[in-house]
Structures are given as structure tokens and as C-alpha cells.
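> pasting the sequence and the predicted model now:
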Amino acid sequence: MPFKEALEALFEAFRANGILCKWNEPLSAHTSFRIGGNAALAVWPSGKTQLILVLSLWRDLGDGCPLCVLGKGSNVLIADEGFCGLVVLTTKAKRVVYEEDEAPNRAEFRRRAETGSEPYCRVYAECGASLMALAFACGQPDRELSGLEFAYGIPGTVGGAIVMNAGAYGSDVERVLVSADYYDLQNGCTGQLRDSEMHLSYRHSIFLEHPDWVVLSGVFKLSYGYGPDIREQMKKNMEARREKQPLEYPSAGSVFKRPVDNFAARMIDTAGLKGVAVGGAQVSEKHAGFIVNRGGATAADVKALVRLVRDEVEKLYRYRLECEIQLVSDGLNEDDGWDTV
Ligand SMILES: Cc1cc2nc3c(=O)[nH]c(=O)nc-3n(C[C@H](O)[C@H](O)[C@H](O)COP(=O)(O)OP(=O)(O)OC[C@H]3O[C@@H](n4cnc5c(N)ncnc54)[C@H](O)[C@@H]3O)c2cc1C
């Protein structure tokens, strides 16, 4: 195994610091596609402090072994060969702090915020917090915070949502994110970026430009809303998803980014590709923008199907669809990017 000594040193260091880690972890169990080979070594830091420790240990002991950070794996395709390196799974770093809970007098804080010139509550969340659980909690009678209704139904973490600037139903992370803390793997320092510094645009953030920056946490600015409306909006969003999306099969959501003046799903449908399959991967019959795993699909099947879809759509529209889902590979295999697809 390449990087054997470095990985063994990391394993020992994680164990010595009481950080959960496992050899040969099947990554298919940690992605919504249910596809992918094993991680040579997987680690689950329990919070932001442990996450920083894991990343700094990798800098000290990793000896250049590949590193990958995953949230809930709901926007990735993991290579069949797996990941010959360290995979950091963030889902246990999920602390959430509401600004009003921190105030000495919560009721007074809330009264002033609700009636004042800045009627907001800031919510801090570690990168591994579930975006859906956060949206749900914000809508509950004890909170009634508005702004994350769009996120109810997006099955990722806060970190993954910041990286991807996740969005739906006319809103996105950009609308509510105030700042994010990150760890720079190059120099081993932490930093903070304000919303205007994060290059947030449609399914894009500065973190896609800097794969060596790991999102540690984010702060959201949410307004005080009317609870029944917030909950009704989330319910409607979820119903719309159930109606239009193939939630009964494993997938990674929309495979392609939306072109400027069209919809990827419509273009794929018009090209007659609904239902087309390669191995266990199929263009969903319900929503042509999704590729679903009908059982036993491999990453190679998905890549071949993505290539077919892109080729056929390009023939018809003279436009090559851009992939939204992220390809995760350790770079040790020859065919490791969407560029070759
Ligand atoms: C059924 C379904 C519906 C979906 N609907 C939507 C939708 O409506 N809108 C939408 O925008 N998306 C949607 N998605 C896609 C996906 O849920 C989002 O992109 C989500 O934000 C990804 O979060 P994640 O934690 O799963 O990230 P992952 O898939 O784990 O990671 C995505 C990328 O971010 C990187 N990453 C993850 N965490 C960190 C971190 N802490 N620091 C640095 N890099 C990190 C990963 O390396 C990878 O490159 C859907 C997916 C599914 C399966």
C-alpha cells in the first residue's frame, strides 16, 4: 500500500488522541450514491478542535499522502478504486450555537432583535452539522428563525453546503451566510472569510478554487419569522421534492449545473435520454437531471453515462453540460477527472 508508513503513523496519533479512525472503510456507506471503493484510513473528528488536530497531524505525519474531506457525501462520486489516503468524515463535528442562547437574558435579546434595526439571530454551526436538521430546528416553535427554508431537503452538511453554495427554490447559502472559518492545509493556519470574500455564486465558492482550504464552521444570519409559515414552506419544499425527484433511489442529486438560459433536465429529456442506462446507473425516468443507482452501479458506470449524456446533449445543443457533482479520487489512477469524461 502506498503511504503505508505515513498512514500507520497517523493511525497511531489519532488513537493516542482518542480520535475515532478505521482502516479500509467502505466509502459507499458514506455517500448518497452508495458507490465507491474503500478509504485506506478514515477518521471522524468529534468537533472543530479535533478536526483542526486531525488536519495538523496530517501535515506533520502524512508525508504527502492524499487527503479528502467529506461531509455527508451527497454531492460526490467516489472512484471504484477507493481513496488511497486519509478521508476525513466531518459528520461528528456538528455543534450548533444560537446567538440568543448565549445572551445573558435570552428573552430580552430576542425582544430587542425582533423589534430593532437588525432583526436577526446569528447561528454558528460546525461543518459537519446536518443542513436539514439545522433548517428543521430553526423552524421549530422555540426558534422560528427564517432563511433556511430552502435547505430543508438538501441532504448535506453545513460544510458541504458552503463549499457548493447549495441552493433550491429561489434561495441559497449565499443569502444567509455571514462568515466561515477554515483551515489552510498549505500553511497550517486557520482563517476567517466574510460572505463577500467567499466568491459565492451559483454552485460555486472560493473553497472549490482552493481544495486545500477546509471549512471548519459557518455563521448564518437568520431573521425572526412566523413559525407556521416557516414550517409550511419547508413542508411544501419537501412535497415538491418527493413529487419531482427520484428519492427512492440512491443518487447525488442533480448531476449537472444549470446552463444560463435552459435546464439540464429539459435538455437531457429532449435528447431522448430519460431511462438510458449504463450498467447499474440510469438517467432517472422521473427527473432527467438525476442519475440514479438502480443497484450495483459502479463509478465507471456513472462516468460512462455522464459522458454519453454530455456527448448527446452537445450534439443537439452545441453546449457541453458542466458537472455539479464532485469526483473524488486520490489522483493515483490515470483517469481521475471530469475533464476526461
Ligand atoms: C436527493 C438529493 C437532492 C439534492 N438536492 C440539492 C439541492 O436542492 N440543491 C443543492 O445545492 N444540492 C442538492 N444536492 C446535492 C448536495 O446535497 C449538496 O451539494 C450538499 O451541500 C453537499 O453537502 P455534503 O456534506 O454532502 O458534501 P459532500 O458531498 O460530502 O462534499 C461535496 C464537496 O465539498 C467538499 N467538502 C465537504 N465538506 C467540506 C469541508 N468541511 N471543507 C472543505 N471541503 C468540504 C468535498 O470534498 C466535495 O468536494 C442534493 C443531493 C441529493 C442526493
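Structure received. Numbering: from 1, shown residues only.

> is the ligand contacted by the helix or strand hosting Glu243?
Counting by DSSP states H and E, the element that carries Glu243 is helix 227-244. No - using Cβ under 6 Å from any ligand atom, helix 227-244 stays clear of the ligand, coming no nearer than 7.0 Å. Every residue, glycine included, has its C-beta placed from N, CA and C.

> mind listing what's buried along that helix?
Neighbour counts using 16 or more other Cβ atoms under 10 Å place 227, 230-231, 233-234, 237, 241 of helix 227-244 among the buried residues.

> now those in a markdown table, with pLDDT?
Converted to a markdown table, the buried residues of helix 227-244 look like this (pLDDT from 0 to 100):
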| residue | pLDDT |
| --- | --- |
| Gly227 | 95 |
| Ile230 | 97 |
| Arg231 | 98 |
| Gln233 | 97 |
| Met234 | 97 |
| Asn237 | 97 |
| Arg241 | 97 |
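
> return the closest of the residues you listed with respect to Leu89.
Arg241 (25.0 Å; Cβ to Cβ).

> I'd assumed Tyr152 was in contact with the closest one.
No - at 9.2 Å, Arg241 does not count as touching Tyr152 under the criterion of Cβ atoms under 8 Å.

> got the buried residues for stretch 159-175?
For stretch 159-175, the buried set under the neighbour-count rule, 16+ other Cβ under 10 Å, comprises 159-168, 172-175.

> which ones, among these, also lie beside the ligand?
Contacts with the ligand within those, counted by Cβ under 6 Å from any ligand atom: 159-161, 163-164, 166-168.

> now for these, which pair is the farthest apart?
Longest span within those, Cβ to Cβ: Gly159 and Ala168, 17.7 Å.

> which one among the buried residues of helix 227-244 gets closest to the ligand?
Nearest to the ligand, judged by Cβ to the nearest ligand atom, of those is Arg241 at 7.0 Å.

> distance of that closest one from Thr91?
Applying Cβ to Cβ, to the nearest Å, the value for Arg241 to Thr91 is 22 Å.

> up against the ligand, what does this protein have?
32, 68-76, 90, 127, 154-157, 159-161, 163-164, 166-168, 207, 214-215, 245, 247, 251-253, 326.

> please, where are all the strands along the stretch 51-200 of the chain?
For the stretch 51-200 of the chain, the strands defined by DSSP state E, counting those that start in this stretch occupy 67-70, 76-78, 83-89, 96-98, 120-126, 145-146, 167-168, 171-172, 177-184, 189-194.

> so the helix or strand bottoming out on mean pLDDT in the chain versus strand 120-126, what angle?
Counting by mean pLDDT, DSSP states H and E, the chain has its least confident helix or strand at helix 106-115, which shows a mean of 89. Angle, helix 106-115 to strand 120-126, by axes from the mean of the first three to the mean of the last three Cα atoms, to 10 degrees: 120 degrees.

> could you dump helix 106-115 to CSV, C-alpha only?
These are the backbone C-alpha positions of helix 106-115, laid out as CSV (Å, rounded to 0.1, in the frame of the first residue of the first chain):
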residue,chain,number,x,y,z
ARG,A,106,-32.5,35.4,26.1
ALA,A,107,-36.0,36.9,26.2
GLU,A,108,-34.6,40.4,26.3
PHE,A,109,-32.2,39.6,23.5
ARG,A,110,-35.0,38.2,21.3
ARG,A,111,-37.3,41.1,22.1
ARG,A,112,-34.7,43.7,21.0
ALA,A,113,-33.6,41.7,18.0
GLU,A,114,-37.2,41.2,16.8
THR,A,115,-38.1,44.9,17.1
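
> please state the offset of that helix from the chain centre?
Distance, stretch centre to chain centre, for helix 106-115: 33 Å (Cα atoms, centre = their mean, to the nearest Å).

> buried residues, stretch 128-146. List them.
Result for stretch 128-146 [16+ other Cβ under 10 Å]: buried residues 128-132, 134-139, 143-146.

> let me see the mean pLDDT of it.
Per-residue pLDDT values over stretch 128-146 give a mean of 97.

> how far does that stretch sit from the chain's center?
17 Å.

> all strands of the stretch 201-341 of the chain, in order?
Using DSSP E, counting those that start in this stretch, strands in the stretch 201-341 of the chain cover 213-224, 251-254, 277-278, 281-283, 290-293, 326-328.

> so which residue of the stretch 1-150 of the chain comes closest to the ligand?
Closest residue of the stretch 1-150 of the chain to the ligand, Cβ to the nearest ligand atom: Gly71 (2.2 Å).

> these two touch, right, that residue and Gly128?
Yes - between Gly71 and Gly128 there is a contact at 6.5 Å, judged by Cβ under 8 Å.

> what touches both of the two?
90-91, 157-159 (Cβ atoms under 8 Å, 6 or more residues apart in numbering).
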